[in-house]
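In: Build the 3D model from these lines:
(one chain, ligands or ions: 1)
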Amino acid sequence: MQFKDIVGQEEIKQRLIKSVQTGRISHTQLFLGPEGCGTLALAVAYTQFINCLQPTETDSCGQCVSCIKIQKLIHPDIHFTFPTITNTEKKKLSNEFIEEWRSTFTQNPYISELQWLLQLDEEGKKQGNITAEECRDIIRKLSLKSYEAKFKTVIIWLPEYLRLEGNILLKLLEEPPEKTLIILVAQDADKVIATILSRAQTLKIPRLKDEEIAEVLIRQAGVDAAEAETIARVSEGNLALANSLAGAGRSDYHDLFVEWMRACYGRKVDAMNLAIEKIIGTGREFIKSFTGYSLHMLRAVFLYQNADHQLIKLSEQERQFIVKFSIAFNNDNIEHITKALNQSTFHLERNADLRITFLNLSLYIAQRMIKPKQA
Ligand SMILES: [Zn+2]
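Out: The predicted structure is shown next:
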């Protein structure tokens, strides 16, 4: 992974490069940024730059022995820790999942937490974990003599999964062996235990800009400019989500959303159940993007009612839906429904039962929608 392969984040790249050039590499760092902004990719590119044998002023060379090994994630001194799910083969340690990890990251360096966990457990029912044994394994790996790297490194993705067992690492984080680098890559500082947080130097990484996401979608996914712009706005800086939305095709989301809203509006539980079955049938990853799309549509209704219509960029299908359905909404219920939708997304990401969550949500929406006055 070279810096040039990473979308945007120019200022962060400059800072990282400078820290290496001036020899100011702190031994324990926390890369903190929202999902889909490229934190993990940056951690790998930074590690590659540090260890490159012939770096240029702006990037690693991408061709030396060290770069090639890091690109394939097979360097003996560069280790990875990430949440795992204990499977039927009783695998537990990150090392035991390293093949899956390599192929996943090399295909998609913007992998989301949910995408990764679904790789390990298709049904998405089991919780991910970073275990006490994994912590001990990190200490063991870093205590070994370096084979060839300038800096022995461990990249810990999602330290949010470390609970009290994370305290096993405290001494290591505070005083790692010489020429050792520990990079924690997190999304939510509030969920990282305080004892770990206080021992790392934090680098805050911002979300991507809409233009940056749109540009990638046009260039890499072959999405047309107008579509790319809308997806970028819906994704709110999250390239993992943007890629899912671009992959599924926006009209799929739209058709499902319309069917679902019609069912809610009609207050018919049968129709609701039918729409819910269709939504659930698409799988957890799609559902997450679908709730993102639904939020986007609610915002569009809000803008349609409160602002200049020209401000909203929509497909013709979407415009028709909004013109027709805006009678069911006002500022008050949009606010409540948006909150409920956000809350459900939160539960869905934590493996709540899909059917129950969607049925509750549908009933809530049905109740909040404004019904036409009976003639
Ligand atoms: Zn190199």
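In: What residue in the stretch 101-250 of the chain comes nearest to the ion?
Out: Across the stretch 101-250 of the chain, no residue is closer to the ion than residue 150, which sits at 11.1 Å (CB to the ion). Where C-beta positions appear, they are placed from N, C-alpha and C, glycine not excepted.
In: Now that that residue has come up, it's in contact with residue 50, right?
Out: Yes: Residue 150 sits in contact with residue 50 when judged by CB atoms under 8 Å, with a separation of 6.2 Å.
In: More neighbours: which of these two?
Out: Taking other CB atoms under 10 Å, residue 150 and residue 50 do not tie; residue 50 has more neighbours (22 against 16).
In: Would you confirm that the more buried one contacts residue 20?
Out: Yes: counting by CB under 8 Å, residue 50 does reach residue 20; the two are 5.5 Å apart.
In: Show me the strands in the stretch 201-350 of the chain, by range?
Out: 201-204 (DSSP state E, counting those that start in this stretch).
In: Give me the secondary structure label for residue 185.
Out: The three-state assignment at residue 185 reads strand, by DSSP: H, G, I helix; E, B strand; the rest coil.
In: Tell me which residues touch the closest residue to residue 86 other than its chain neighbours, please.
Out: Computed as CB to CB, 6 or more residues apart in numbering, the closest residue to residue 86 that is not its neighbour in sequence is residue 92, at 5.2 Å. By CB atoms under 8 Å, 6 or more residues apart in numbering, the residues touching residue 92 are 84, 86, 131, 133, 134.
In: again, only this time at 10 Å
Out: By CB atoms under 10 Å, 6 or more residues apart in numbering, the residues touching residue 92 are 84, 85, 86, 129, 131, 133, 134, 137.
In: from those residues, which two are the most distant?
Out: For the contacts of residue 92, the maximum inter-member distance is 16.7 Å, found between 85 and 137 (CB to CB).
In: tell me the mean pLDDT for the lengthiest helix in the chain?
Out: As assigned by DSSP state H, the longest helix anywhere in the chain is helix 284-306. The average pLDDT within helix 284-306 is 82.
In: Which other helices and strands does it contact?
Out: Secondary-structure packing of helix 284-306 (3 or more CB pairs under 10 Å, 6 or more residues apart in numbering; DSSP states H and E): helix 113-120, helix 225-235, helix 239-248, helix 250-266, helix 269-281, helix 316-325, helix 331-349, helix 354-368.
In: Can you report how many residues lie near the nearest residue to residue 246 once chain neighbours are set aside?
Out: The shortest distance from residue 246 to any non-neighbouring residue, by CB to CB, 6+ apart, is to residue 221 (4.5 Å). Applying other CB under 10 Å, we find 15 other residues in the vicinity of residue 221.
In: From residue 73, how far off is residue 221?
Out: Counting by CB to CB, to the nearest Å, the separation of residue 221 from residue 73 is 24 Å.
In: surely residue 10 meets residue 3?
Out: Yes: shown here, residue 10 and residue 3 form a contact pair, counting by CB atoms under 10 Å, at 9.1 Å.
In: out of those two, which sits in the busier spot?
Out: residue 3 (21 against 10).
In: tell me the contacts of that one?
Out: Listed by CB under 10 Å, 6+ apart, the contact partners of residue 3 are 9-10, 12-14, 16-17, 41-42, 45-46, 48-49, 58-60.
In: State the pair within those that is farthest apart.
Out: The widest separation within the contacts of residue 3 (CB to CB) is 17.6 Å, between 10 and 48.
In: What parts of the chain come near the ion?
Out: 52, 60, 61, 64, 67 (CB under 5 Å from the ion).
In: The last one: helix or strand, and which one exactly?
Out: Assigned by DSSP states H and E, residue 67 belongs to helix 65-71.
In: Please name every helix or strand in contact with that helix.
Out: helix 39-51, strand 78-81.
In: Adding mean pLDDT and distance to residue 273 as columns, could you present these in TSV?
Out: Shown next, in TSV, are the helices and strands packed on helix 65-71 (pLDDT from 0 to 100; distance: least, CB to CB, whole Å):
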stretch	mean pLDDT	distance to residue 273
helix 39-51	98	39
strand 78-81	97	42
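In: any idea which of those is most buried?
Out: helix 39-51 (a mean of 25; mean count of other CB atoms under 10 Å).
In: for that helix, packing partners?
Out: helix 10-21, strand 28-32, helix 65-71, strand 78-81, helix 98-107, strand 152-157, strand 180-186, strand 201-204.
In: 8 Å - rerun?
Out: helix 10-21, strand 28-32, helix 65-71, strand 152-157, strand 180-186 (3 or more CB pairs under 8 Å, 6 or more residues apart in numbering; DSSP states H and E).
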